[in-house]
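> Mind folding the following:
(2 chains)
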Amino acid sequence: MSILGPLLIAGLLLLVIWMGMAENQNQKLLVIDDLYPTFSDLQNKSTDLVQFDYQNISLDDAKKLLYNSDYTAILHIPSNITFGKTAQLFFDKQPSVVVHRIIETKIEGLLEGINLKQYNISREDFYNVKIDFQLHTIRYKKSGEEEEVNREAAYVGFAFGFFIYMFIFLYGVQVMRGVIEEKTSRIIEVIISSVKPFQLMMGKIVGVAMVGLTQFAIWTLLTVIIVGGAQSVLFDLNFDPSSLDNVQMTTEMMKELQTDKSFTTKDVIDPNNLIFRINWPLMLGMFVFYFLGGYLLYSAMFAAIGAAVDSETDTQQFMLPVSLPLILAYVMSVFIIQNPEGPAAFWFSIIPFTSPVVMMVRVAMGISFSDIWELLLSMSLLIATFVFMTWLAGKVYKTGILMYGKKASYREIWKWLFY
Amino acid sequence: MPEVLLSTENITKQYANHLALDAVSISVQEQRIFGLLGPNGAGKTSLIRIINQITAPDSGTILFEGKPLQPNNVEKIGYLPEERGLYKKMKVGEQSLYLAQLKGLSRPDALNRLKYWFEKFEIQSWWNKRVEELSKGMQQKIQFITTVLHEPKLLIFDEPFTGFDPINTELIKSEILELKEKGTTIIFSTHNMESVEELCDDIALINASKLILEGSMQDIKKSFRTNTYELTFKGSVDAFSRHLNGNELIDKVESNGSTRATVKLGGSDGSLNKLLEGLLPVVEIEACNEVIPQMREIFIRAVGGSSI
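Now for the predicted structure:
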């Protein structure tokens, strides 16, 4: 699984990219211009993906051609295009969004040219006049320090939070399965005549954590290598990056990037820029901390569940209350992206059961020095809670592993705590 | 007087609403096989778990080699629980090594000893097999080996023969006796009274959380004697009955012209000599021996008597 995992992930990523590319079937457009030859320049604007074939025929003739030629679509430029600002695209199979964008951008450019000529404005003046407005968000601190705030970083934090959420589940359930296996195979009594039940439980939790970290390291490394390698190969083959943008970025980001004339400010959402804005050493450090902390907290509970039941099918009734806060944390972090400094963000990043996921969003957004106590409080609460929870789970575990054939109820487990 | 290896003093263990052990004191002498007997749910497993430090007693102390039981004593104790199993997906050799190292053996040591045992049981070919590929009896053999591998001073077997065929049962029995010869002390818990009879030197009987009987097998059998004798004779059963001298005839079986009669002494002068004196002139006595109570009978009588 350690090796297969990254191969699968990389394969999946490549599949998505490939699908994105394959979807962009080369288009040969028959362009019918009611204002012939106003838009004849389109002929020279062909790209690898979209080929414009500018013809002076009627729309009806063109429509007849659609099924009797290798044209994939007919682009009809109506006579009122300068007022209506629309054109029609006739097709059998709908071209991709990327093709849409290319056609739109090209016609937009030509229309701008016509308008500029009509109003007698030079292209230079036009760019000078054109406004690409953006709001800068800057935190002004009491000390007089200023700090740029960027909401987009929250998405990076969310991604990290999601990984933590996923890994806690993945490895927590692995701990639970291990405990159930030892119980059902009846090896448990042999083992605990050699080691203390608490040692066995901690050994299992720490062991799985090590497996998790190792696996995670291998996955990250291999995925980076494979995807990186594959991407460079693809780029070498005249790969159109716009199709990659399509799959990798949000449509908003894509729009920004594709109107390739507006790099007027350096604050345009550029992923590279975003990467430098996040405090990466802190981010990665906190990722490891919150992954381990959250994992230790939840896996202790999962281990207790495993000890309380006889088979995996019996786990349901206990799984729900234990995984609910974790699921809540994940759902909450979606909302917290919208308002990363609201009360919800504060409380859920302090409460140990949700903090491992939610705090990731806040760390990515940047935690100001004056708020560092919140981070420290959240971290110490997490440590305190997992120590307490491990102690509690140890008691349930110790009694549960030696109970066979008895369906444990909450009342029963409550009693075990006081044995 | 043989040395005492392990003794428990007034061990009491209370579960939520059930008293598992009530001031149980036993002492296990070195190099003897100690049978721990009792009906289901009497508290045997609770006591064994306490000796193995799996659970702690509420009160009472355990002495091992004269000192209070220490956590690292587990290296000197081997335990084969009644509820036992192995990691199914793990390979036999790998798993045996792991279990041996848990008991404090070094890897090379464990490897050497495993080699010895695997050769002895002629199961070298199992080394790289996964446990789930083995039959239940085969798994039991592996379990037996891993229990005794670290050559503990004290071995605790809880129902060791379940899952074995008669041939392997004999094999394990002889191994247990051999271990005893080599100096190991063994606590042996079972419901199989025939094997108790065969193996045990001392026994303790626990019923309803209390120790109701403890001592050497000989002494216990003596104390359960009922003064009953079995006499085999040729001649008139009628004459035999008339000359019983006030003793009670419990049973008689005739076969091949002889009669086997069971007589319980208890007349005015209830000695065997007096009985024989009266009988010798009238019938031809072929054999006479005391009826020694079987463990099965002792068990039933002791448990039944204590419950009333």
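
> show me the contacts for residue 212.
With no chain named, the answer covers chain A. A:G212 makes contact with A:F167, A:L170, A:Y171, A:Y295 under the criterion CB atoms under 8 Å, 6 or more residues apart in numbering or on different chains. Bear in mind the C-beta positions are built from the backbone N, C-alpha and C, glycine included.

> wrong one, I was asking about chain B
B:L205, B:I206, B:A302, B:V303, B:S306.

> Can you tell me the SS state at the residue lying closest to the first one once chain neighbours are set aside?
Yep, that's B:L205 we're talking about. Residue nearest to B:L205 in three dimensions, not counting chain neighbours: B:L213, with 3.9 Å by CB to CB, 6 or more residues apart in numbering or on different chains. Following DSSP: H, G, I helix; E, B strand; the rest coil, the label given to B:L213 is strand.

> I'd guessed B:L213 sits against B:F299; true?
No. Here B:L213 lies out of contact with B:F299, judged by CB atoms under 8 Å, at a distance of 9.1 Å.

> which residues do these two both contact?
B:L205.

> Next up, the contacts around B:N40.
Per CB under 8 Å, 6+ apart, neighbours of B:N40: B:H191.

> Give me the secondary structure label for it.
With three-state DSSP as the criterion, B:N40 reads coil.

> Same question for B:L47.
helix.

> what sits against it?
B:T8, B:I11, B:L21, B:V24, B:I26, B:L36, B:I206.

> Next: B:G215.
B:D202, B:I203, B:S223.

> which one among the contacts of B:L47 gets closest to chain A?
Using CB to the nearest CB, the shortest approach to chain A within these belongs to B:L21, at 14.8 Å.

> For whichever strand or helix holds that closest one, which residues meet the burial criterion?
Here B:L21 sits within strand B:18-29, counting by DSSP states H and E. By neighbour count with 16 or more other CB atoms under 10 Å in any protein chain shown, strand B:18-29 contains the buried residues B:A20, B:L21, B:D22, B:V24, B:I26, B:V28, B:Q29.

> tell me the mean pLDDT for that strand?
Mean pLDDT, strand B:18-29: 91.

> which other helices and strands contact that strand?
Packing partners of strand B:18-29 (3 or more CB pairs under 8 Å, 6 or more residues apart in numbering or on different chains; DSSP states H and E): strand B:4-15, strand B:33-37, helix B:44-51, strand B:59-64, strand B:185-189, strand B:202-207, strand B:210-216.

> Can you tell me the strand partners of the fourth one and which way each runs?
Right, strand B:59-64. strand B:4-15 (antiparallel), strand B:67-68 (antiparallel) (DSSP bridges).

> for these, which one ends up most surrounded?
Of all these, strand B:4-15 has the most neighbours on average by mean count of other CB atoms under 10 Å in any protein chain shown, namely a mean of 18.

> so that strand versus helix B:44-51, what angle?
On the basis of axes from the mean of the first three to the mean of the last three CA atoms, to 10 degrees, strand B:4-15 is oriented at 120 degrees to helix B:44-51.

> so B:E230 is in which element?
strand B:228-234.

> right, and the helix or strand after that strand?
helix B:237-242.

> Quick one, grab the pLDDT at A:L237.
51.

> Name the nearest residue to the residue in the stretch 251-400 of chain A positioned nearest to chain B, sequence neighbours excluded.
Going by CB to the nearest CB, chain B is nearest to A:K398 of the stretch 251-400 of chain A, at 8.2 Å. In this structure, A:K398 finds its nearest non-sequential neighbour in A:P197, 4.4 Å apart by CB to CB, 6+ apart.

> Can you check the pLDDT for that neighbour?
For A:P197, the model assigns a pLDDT of 89.

> just checking, it touches A:K395?
No. Look at A:P197 against A:K395 with CB under 8 Å: they stay out of range, at 9.5 Å.

> Looking at those two, which one has more neighbours?
Using other CB atoms under 10 Å in any protein chain shown as the criterion, A:P197 and A:K395 rank with A:P197 on top: 21 against 18.

> Helix or strand: which one has A:G306?
Using DSSP H and E, A:G306 falls in helix A:280-308.

> How about residues contacting the helix or strand that comes right after that helix?
Going down the chain from helix A:280-308, the next helix or strand is helix A:316-338, by DSSP H and E. With contacts defined as CB under 8 Å, 6+ apart, helix A:316-338 is touched by A:151, A:154-155, A:157-158, A:161-162, A:165, A:168-169, A:298, A:301-302, A:305, A:308-309, A:342, A:344-345, A:348, A:353-358, A:360-362.

> which parts of helix A:316-338 are buried?
Quick answer for helix A:316-338 (16+ other CB under 10 Å): A:318-319, A:322-323, A:325-326, A:328-330, A:332-333, A:336-337.

> Identify, from those, the entry nearest to B:T262.
A:F318 (61.4 Å; CB to CB).

> and that closest one, what pLDDT?
88.

> where's it relative to A:G294, distance?
18 Å (CB to CB, to the nearest Å).

> likewise B:L80?
40 Å.

> ditto for B:M138
When B:M138 is compared with A:G294 (using CB to CB), they lie 43 Å apart.

> Would you mind telling me which of these two has the busier surroundings?
Neighbours were tallied for B:M138 and for A:G294 using other CB under 10 Å; the higher tally belongs to A:G294 (27 against 18).

> Verify the stated contact: that one with A:V357.
Yes. Taking CB under 8 Å as the definition, A:G294 is a contact partner of A:V357 at 7.3 Å.

> what sits in contact with each of those two?
By CB under 8 Å, 6+ apart, the residues touching both A:G294 and A:V357 are A:I164.
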